[in-house]
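Colleague: Kindly return the folded structure for what I paste below:
(4 chains)
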There are 2 protein chains.
Amino acid sequence: MPKRVDHEERRHQIAEALLRRAGTRGLHAVAMRDVADEAGISVPLIQYYFKTKEQLLHFALGYLAQRMGERVRKRVRADGTSPTPRTVIEAILAEALPTDDESRTFHLVYTSYATLALTDPALATQPLLRDPDAMEDLLLAQLAAAREAGQTPRDIDLRAEVVGLLAMSAGLGTSVLVGQRSVDAAWGVLSHHIDRVFTPELTPAP
Amino acid sequence: MPKRVDHEERRHQIAEALLRRAGTRGLHAVAMRDVADEAGISVPLIQYYFKTKEQLLHFALGYLAQRMGERVRKRVRADGTSPTPRTVIEAILAEALPTDDESRTFHLVYTSYATLALTDPALATQPLLRDPDAMEDLLLAQLAAAREAGQTPRDIDLRAEVVGLLAMSAGLGTSVLVGQRSVDAAWGVLSHHIDRVFTPELTPAP
DNA sequence: GCTTTCACCATATGAGCGTATAGTAAAATC
DNA sequence: GATTTTACTATACGCTCATATGGTGAAAGC
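Modeller: Alright, predicted model coming up:
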């Protein structure tokens, strides 16, 4: 036999090649030939490790989601001292903006996948559409903790705030992606609304 | 000569056929053959009225944007009595949710076009990406009027509120589109945040 | 009433796609 | 050292796409 190869490692290499291409031209525009060129291998070798393009897509998407999860965790930890509910919430929402190349790739791929999956029945099994719900629950728990600690008004609707903030960050992320707004401008708006949630007592009557 | 035909009308018929298909299968999945079938004509006849597919796309997108603009205006007027700033804002934000078939088509087409335009240089001239800015200015004026009338806190950041609400409604619209949330749930969250903006004096200290 | 003009179609063309097939060089096994 | 197994490639296949070509029949103009 020739050099034995770690199949899992090769699959990751191929997936990374796909994501690199998808990050610049969009997921819909990536052909098998492109992935092969990007990875420096032949097209049938991709078939050797993934039977079909669809399987390659699934694998790459799962890998991307995993990498982004690690990014979020890293950002939370990067706040140094033991994270408060607010820093956790800020970290997650900030990660929803395309701040750098990897993040931009993630959002571009995620968006183009979502639009494909909306209509293509073959992609209906959505590996990426489960994550938003998990995010929602996580934020909900953090915000509940913050309310317990008296950092928010006592009468706020936790779920409405969380869902609203997540939707807002997603919407702002898209507007950054299409070039309508800068990352800084988007973050300015987002943090303004986070501030509002974390203002325990609001402007009293004159 | 045979029956003279109104070219503008034929173009609209073809564009409507395209939008009907795009509303179920997504813009990326619509081929010239599909449009021809849907319109009950031959493919070369489409070429007769539009030189290329790209021109057809541009026309159809402009038509769609125009129809949605009419929807918004109609919804504002439908509130009967002379519209207040708040009803105008509510109408616009509500229109950003895919509430019925036409609206769902609009959002699906808009989303799939946006992802295509993100990467395809040929579509870079964005006829739909000008509208969000116009919406922002319109909402801004309405909210300023509301503040003048004492319906909001005096110290709110108008632009941040408007941009935030628009982003939120866009994000909620997407979540409805992918089936993560119902229209009612999305509207519940959105109106909750509208309420918050339109609460002149907020929970005083105990 | 011949000619021109217009709306429209059947069919061809060439490019690009995902996938299938056949084969090759190298190393481990016996 | 012959054989088997493994990683890998060149090339071919069948399909669908947007677009190009060469018409045809009907009505208006003269």
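
Colleague: does DNA strand D sit close to the longest helix along chain A?
Modeller: Counting by DSSP state H, the longest helix found in chain A is helix A:53-78. No: using C-beta under 7 Å from any atom of the strand, helix A:53-78 never reaches DNA strand D; the gap is at least 12.1 Å. Every C-beta, even on glycine, is put in place using the N, C-alpha and C of the backbone.

Colleague: for that helix, which positions count as buried?
Modeller: By neighbour count on 16 or more other C-beta atoms under 10 Å in any protein chain shown, the buried set for helix A:53-78 is A:56-61, A:63-65, A:68, A:71-72, A:75-76.

Colleague: now stretch A:96-112
Modeller: Buried residues in stretch A:96-112 (16+ other C-beta under 10 Å): A:96-99, A:103-112.

Colleague: Could you do stretch A:191-203 as well?
Modeller: Buried, per 16+ other C-beta under 10 Å, within stretch A:191-203: A:192-194, A:196-198, A:203.

Colleague: thinking again about what came up before, can you list the buried residues of helix A:53-78 in TSV and add pLDDT and distance to B:Arg33?
Modeller: Converted to TSV, the buried residues of helix A:53-78 look like this (pLDDT from 0 to 100; distance: C-beta to C-beta, whole Å):
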residue	pLDDT	distance to B:Arg33
A:Leu56	97	28
A:Leu57	95	25
A:His58	93	29
A:Phe59	95	32
A:Ala60	95	30
A:Leu61	92	30
A:Tyr63	94	36
A:Leu64	92	33
A:Ala65	88	35
A:Met68	89	38
A:Arg71	90	43
A:Val72	87	44
A:Arg75	87	48
A:Val76	85	50
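
Colleague: worst-scoring helix or strand of chain A, pLDDT-wise?
Modeller: The weakest-scoring helix or strand in chain A, judged by mean pLDDT, DSSP states H and E, is helix A:101-119 (a mean of 87).

Colleague: Determine which two of the buried residues of stretch A:96-112 are furthest apart.
Modeller: Taking C-beta to C-beta as the measure, the buried residues of stretch A:96-112 span a maximum distance of 19.0 Å, between A:Thr99 and A:Ser112.

Colleague: rewinding a little: what residues sit buried inside the next helix or strand after the least confident helix or strand of chain A?
Modeller: Counting by DSSP states H and E, the next helix or strand C-terminal to helix A:101-119 is helix A:131-148. Buried residues in helix A:131-148, counted by 16+ other C-beta under 10 Å: A:132, A:135-136, A:139, A:142-143, A:146-147.

Colleague: hmm, helix A:131-148 touching chain B?
Modeller: Yes: Helix A:131-148 reaches chain B (C-beta under 8 Å from any C-beta of the partner chain) through A:132-133.

Colleague: how distant is that helix from the center of its chain?
Modeller: The chain centroid and the centroid of helix A:131-148 are separated by 16 Å under C-alpha atoms, centre = their mean, to the nearest Å.

Colleague: Can you name every helix or strand that that helix contacts?
Modeller: Using 3 or more C-beta pairs under 8 Å, 6 or more residues apart in numbering or on different chains; DSSP states H and E, the elements in contact with helix A:131-148 are helix A:85-95, helix A:158-177.

Colleague: What lies in contact with that helix?
Modeller: A:65, A:69, A:84-86, A:88-89, A:92, A:152-154, A:156, A:158-159, A:161-163, A:165-166, A:197-198, B:175, B:180 (C-beta atoms under 8 Å, 6 or more residues apart in numbering or on different chains).

Colleague: mind listing what the closest residue to A:Tyr113 other than its chain neighbours touches?
Modeller: Spatial nearest neighbour of A:Tyr113, chain neighbours left out: A:Leu27 (5.5 Å); criterion: C-beta to C-beta, 6 or more residues apart in numbering or on different chains. Residues counted as contacts of A:Leu27 (C-beta under 8 Å, 6+ apart) are A:57, A:108-109, A:112-113, A:116.

Colleague: next one: phi and psi at A:Leu27?
Modeller: phi -60, psi -40 (degrees, to the nearest 10).

Colleague: Tell me the spacing between it and B:Gly23.
Modeller: From A:Leu27 across to B:Gly23, the span is 21 Å (C-beta to C-beta, to the nearest Å).

Colleague: Next up, phi/psi of A:Ser182, please.
Modeller: phi -80, psi 160.
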